[in-house]
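> Quick one: sequence and predicted model below, then my questions.
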Amino acid sequence: MSNSPGRFACLDACRLASDGKVQDVTPPVDTGFNVRSRVHEYGGGEHLVAANGKVYFSNFQDQVVYFQDLQPGSKPTALTMADSKLRFANYALDATRNRLIAVCEDHLQDHREAINTIAAIDLNSGAVTHLATGHDFFSFPVLSLDGSKLAYVAWDHPNMPWDDTCLFLADLDTDGRVKGEPRCVAGGKDTSVQQPLWGPDGQLYYVSDKTGWWNLYKLEQSGESTAVMPMAAEFGSPPWLFGMHSYEVLAGGAAVLAVLDDPKVAGSGLGLINIASNTLQRLDTGYTSFGKLAVSGRGVQEEGGELTLVTTAGSANKPSAVVQLKVSSIQQLASSKPSDWQVLKSSSDLDLDAGYLSEPQSIEFPTEGGLTAYMNYYPPRNKDHKFPAGEKPALLVKIHGGPTSAASTVLNLSYQFWTSRGYAIADVNYGGSTGFGREYRNRLRGNWGVVDVNDCCQAARYLADQGLVDGKRLCIDGGSAGGYTTLACLAFRDVFNAGASHYGVADAELLALHTHKFESRYLDLLIGPYPAAKELYHKRSPIYSINTIKAPTAIFQGDEDKVVPAEQAVLMWKALKAKGLPTTLMMYKGEQHGFRKAEHIRSALEGELYFYGRVLSFNAEYSHELQPMQIDNLPAPTHAAQPTTSVAT
């Protein structure tokens, strides 16, 4: 974690100095080093801190694999060839054979789709040898403790890694070559497997949703798999990135520490599983969101040994941070308290008054077809203001991206911006979101633009019917895939009084035609096979239904966006303007798919609130030093359009 602009670093790639301060190991970004992989374009798994005292990493600029000593001040040395057009991620060290094992993505020929394999990189020469081929995608290569077996996950188009995947097991000879045919030991049709891990007991563990939930399993010597802790909760999440690690086997195989998502609770927790008693104890951490786990110490091998746990964690009132927990035994781990955790590096140094922070409440609400869906509801909170008797807050429905993803509960200052100004927020985990089991996740199959739209509309209606928000001031926004659902709600339903699209997908067909390999067939399962379902793509695309939008709509867009071309935003803005609807287009120079510059992030946030204030008749301000904002088709103010809300600015 680093505050350097555009730089990705990892908690493993930092170290504590003698004075307790965190030091970066890799050089600063202005020297040309940025620890980040472009495999699958989204990357992840970009580094490995190895037992030989070195760190191996992918460099974003040239995608060369480098290594260097862990001591600060040491310099990186290139391992792979420059300009090879090979990208690597998800590293494992094969110390016996002096090589790295990694996912390799071959971009040697521009006219064809990239080729993915599991490959070995010789640590002396940098020579690359391919170990596993024949599938469209690979991930999670892990080597057994004795080096005789290699496990990995593979899948093929049109599946994504949360659809149909297989866990393969390959035998290796003394030279590290694959002997015979790798065999699928778990997964397959209608099953997603992820995160294989060789435990200290020599057994292969993994996560599978074969029962409908991403639960933990152990592959026995007989070839049969045993559920470690069967329950209606998720021990995995969608592998958009490489390098996920949400559990660790401890005490020589007697216990498992795992991140889990309970659909009835907002956020994630840490659970300690006792294998012998088949019980799970939820740890009291004070956090509701966790990243990958890194565990070291004798407690991994021995039941009574000490342990050091490092992860990224946060909550609704704590910013995301690199945190550490040190315990002397598994028993002490089980009884640990929030005060036992040490913050090594926080993503924010702001000292925030709890009187201005809203915390989410998990709400299950009825939706179409007799089903239920979920949302995290943030009530407005500002210790300096109270609503007048009988007045209810305006609502902003937030839509997460993905769409195969979930709403986070980590402190989000942009959410607190709204709730401290009198807005309530509904962060909707619509059907298709993760953390609620495979059946819930599959609700979006063939139904993107239908199920998500229904659930977001029903969430707003439910809160209004419960008297929690003002049913005449319902707003909605989202970015990217969330922007698509926002525009679809405005185009295909008449529920919201205003909305804002932040670089939202308006044309599903264009998205299907112009994307990278990893997502090139994603929409086959979300909408339908293209081009056979071309008519359905048009029907689901808001850009072809602008004439049905009735609510004021703001559009925030980057002029260099390759995912959602700026021309789409201009076309929608012109059409809305021609209809006479209040609208605005904020085009940010130099921005791509997502805003990076502080002044543009602030402009989009203040601009959206200002837009709602003008169209819903309440006081809101927009800072004069920001990019000028013009709202088209605003009606002339009348006595009936005076401010009617206690929104605080």
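Received, thanks. Residues are numbered from 1 along each chain as shown.
> What is the neighbour count of the residue nearest to Thr419 when sequence neighbours are not counted?
Residue nearest to Thr419 in three dimensions, not counting chain neighbours: Ser358, with 3.8 Å by C-beta to C-beta, 6 or more residues apart in numbering. Glycine gets a C-beta too; all of them are placed from N, C-alpha and C. Counted with other C-beta atoms under 10 Å, residues neighbouring Ser358 total 21.
> Return the backbone torsion pair for Gly355.
Dihedral pair for Gly355: phi -70, psi -10, per degrees, to the nearest 10.
> confidence score at the closest residue in space to it that isn't next to it in sequence?
Counting by C-beta to C-beta, 6+ apart, Lys383 is the residue found nearest to Gly355 once chain neighbours are left out, at 3.1 Å. The score at Lys383 is 95. That number is its pLDDT.
> dump the residue contacts of Lys383.
Taking C-beta atoms under 8 Å, 6 or more residues apart in numbering as the criterion, Lys383 is in contact with 353, 355-356.
> Specify the local secondary structure of it.
Assigned by DSSP: H, G, I helix; E, B strand; the rest coil, the conformation of Lys383 is coil.
> Could you tell me how far it is located from Glu606?
22 Å (C-beta to C-beta, to the nearest Å).
> Kindly report the same for Tyr440.
Taking C-beta to C-beta as the measure, Tyr440 falls 36 Å from Glu606.
> Compare those two (neighbour count), which wins?
Tyr440 (22 against 18).
> burial measure for the closest residue to His502 other than its chain neighbours, as a count.
Nearest residue to His502 in three dimensions, chain neighbours excluded: Gly479, at 3.9 Å (C-beta to C-beta, 6+ apart). Residues near Gly479, counting by other C-beta under 10 Å, number 24.
> now Phe496
Around Phe496 there are 24 residues (other C-beta under 10 Å).
> host element of it?
For Phe496, there is no enclosing helix or strand under DSSP states H and E.
> now it: how far from Pro635?
Taken as C-beta to C-beta, the span from Phe496 to Pro635 is 18 Å.
> swap in Asp384?
Distance from Asp384 to Pro635, by C-beta to C-beta: 32 Å.
> Repeat that for Ala78.
Distance from Ala78 to Pro635, by C-beta to C-beta: 63 Å.
> Now do the end-to-end distance for stretch 273-287.
Stretch 273-287 has an end-to-end distance of 19 Å (C-alpha to C-alpha, to the nearest Å).
> got any ranges where this protein has weak pLDDT?
For the chain, the stretches with pLDDT under 70 are 1-21, 637-649.
> Which residue would you name as the spatial centre of it?
Geometric centre of the chain, nearest residue: Ser405, 6.2 Å, by C-alpha atoms, centre = their mean.
> and the residue nearest to Thr419, what element?
Per DSSP H and E, there is no helix or strand for Ser358.
> list the contacts for it?
316, 378-381, 415-416, 419-420, 425.
> returning to what we had before: for Trp418, see how far away the residue nearest to Gly355 is.
16 Å.
> So Phe611 lies in a helix, does it not?
Yes - according to three-state DSSP, Phe611 belongs to a helix.
> Next, the closest residue to it other than its chain neighbours: secondary structure please.
Residue nearest to Phe611 in three dimensions, not counting chain neighbours: Ala554, with 4.4 Å by C-beta to C-beta, 6+ apart. Ala554 carries the three-state label strand when classified by three-state DSSP.
> before we move on, back to that, just the contacts of Ser358: which are in strands?
Assigned to strands by DSSP state E, the following of the contacts of Ser358 qualify: 378, 425.
> Please check the contacts of Ser358 and keep the buried ones.
Listed as buried from these are 316, 378, 380-381, 415-416, 419-420, 425; burial here means 16 or more other C-beta atoms under 10 Å.
> Show me where the stretch 251-400 of the chain has its helices.
With helices called from DSSP state H, counting those that start in this stretch, the stretch 251-400 of the chain shows them at 330-334.
> all strands of it, in order?
Under the criterion DSSP state E, counting those that start in this stretch, the stretch 251-400 of the chain contains strands at 255-261, 268-274, 279-282, 289-290, 294-296, 307-315, 318-327, 342-346, 361-366, 372-378, 395-399.
> Kindly report the same for the stretch 501-649 of the chain.
Secondary structure of the stretch 501-649 of the chain by DSSP E, counting those that start in this stretch: the strands cover 553-558, 583-588.
> Show me which positions of stretch 582-596 end up buried.
582-588, 591, 595.
> Then stretch 544-560?
Across stretch 544-560, burial judged by 16+ other C-beta under 10 Å covers 544-546, 549, 551-558.
> Span of that stretch from start to end?
23 Å.
> how distant is it from the center of its chain?
Centre-to-centre, stretch 544-560 and its host chain are 25 Å apart (C-alpha atoms, centre = their mean, to the nearest Å).
> Start the count at 688 instead of 1 going forward.
Got it, the first residue is 688 from now on, which makes the last one we talked about stretch 1231-1247.
> Can you give me every residue that contacts Lys1266?
Contact analysis of Lys1266 by C-beta under 8 Å, 6+ apart lists 1233-1234, 1236.
> In JSON lines: those residues, plus distance to Ser983.
Formatted as JSON lines, the contacts of Lys1266 follow (distance: C-beta to C-beta, whole Å):
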{"residue": "Ile1233", "distance to Ser983": "56"}
{"residue": "Asn1234", "distance to Ser983": "60"}
{"residue": "Ile1236", "distance to Ser983": "55"}
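> if we can go back for a sec, mind checking how far the residue nearest to Gly1042 is from Phe1305?
Lys1070 is 20 Å from Phe1305, by C-beta to C-beta.
> Spell out, range by range, the helices that occur in the stretch 1188-1336 of the chain.
Counting by DSSP H, counting those that start in this stretch, the segments of the stretch 1188-1336 of the chain that form helices are 1195-1200, 1209-1213, 1221-1227, 1253-1266, 1285-1303.
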